[in-house]
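Asker: below is the sequence, then the predicted model.
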Amino acid sequence: MKEIEVKILEVNRKEIEKKLLGLEAKKVFDDCMEAFYFDDEEGSLKKKGVILRVRKEAGEVYLFVKSNVSKEIVKSADEKVVKVESFDAIEEILGVLGFFVKGIAKKKRVMYKAGGASFCFDKYQDDLSFIPEFFEVEAGSEEEVLKYVKLLGFRENDCRSWSLSELIKNYKK
């Protein structure tokens, strides 16, 4: 599966929510989530551009592997996702393989869906709370992402294809 998305920073959430309702978007998620990033001692996955993450959300646990990340205006990545039985079990399995938690990110997410696209307001918590709430648009193609960006009143130069580490660099000054 391809993950195709952009981030738009420092948005007016109330204005965007009004526009989303105009697109008949439905709220499908409003909860906190935790992401646990895994790698080995040498950071082998990071060096290869691979992200290994376990996410807890709404009482469920998912294992994600992202690779082949390309970043133009829109970020695109190959993403594999598997629902797993428990965090402890997958952490133990990954530990046997030599991977351990290298970082944790907690955030509050509110997600809407319309026309095959997802729209998320994300606000990091705890150690990352210095990052202001931002908005993501995800869809099945770059063209579709940019179509929704424009429908919501943004321009291409408002879009960022940034990872979490790039958000941290931008705001940790």
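Answerer: In hand now; what should we look at?

Asker: so in terms of bridging, what pairs with the closest residue to C159 other than its chain neighbours?
Answerer: Nearest-residue entry for C159: V6, 3.9 Å, with adjacent residues in sequence omitted and distances by CB to CB, 6 or more residues apart in numbering. In short, each C-beta sits where N, CA and C put it, glycine included. Applying DSSP bridges to V6 gives these bridge partners: V137.

Asker: I'd say V6 and K75 touch.
Answerer: Yes: checked against CB atoms under 8 Å, the pair V6 and K75 is within contact range at 6.7 Å.

Asker: got any residues that touch both of the two?
Answerer: Contact with both V6 and K75 is made by residues S161, according to CB atoms under 8 Å, 6 or more residues apart in numbering.

Asker: list the contacts for E91?
Answerer: E91 neighbours (CB under 8 Å, 6+ apart): F36, V54, V101.

Asker: what is the nearest of the residues you listed to E42?
Answerer: Distances from E42 to those, taken as CB to CB, are shortest for V101 (15.5 Å).

Asker: how much space separates the closest one from V54?
Answerer: 8 Å (CB to CB, to the nearest Å).

Asker: what about stretch 140-158, average pLDDT?
Answerer: On average, the pLDDT along stretch 140-158 is 96.

Asker: and for K66, nearest residue in space, chain neighbours not counted?
Answerer: Using CB to CB, 6+ apart, the closest residue to K66 is I51 (4.1 Å).

Asker: quick one on the thing from earlier: can you report how many residues neighbour the residue nearest to C159?
Answerer: Residues lying near V6 (other CB atoms under 10 Å) number 24.
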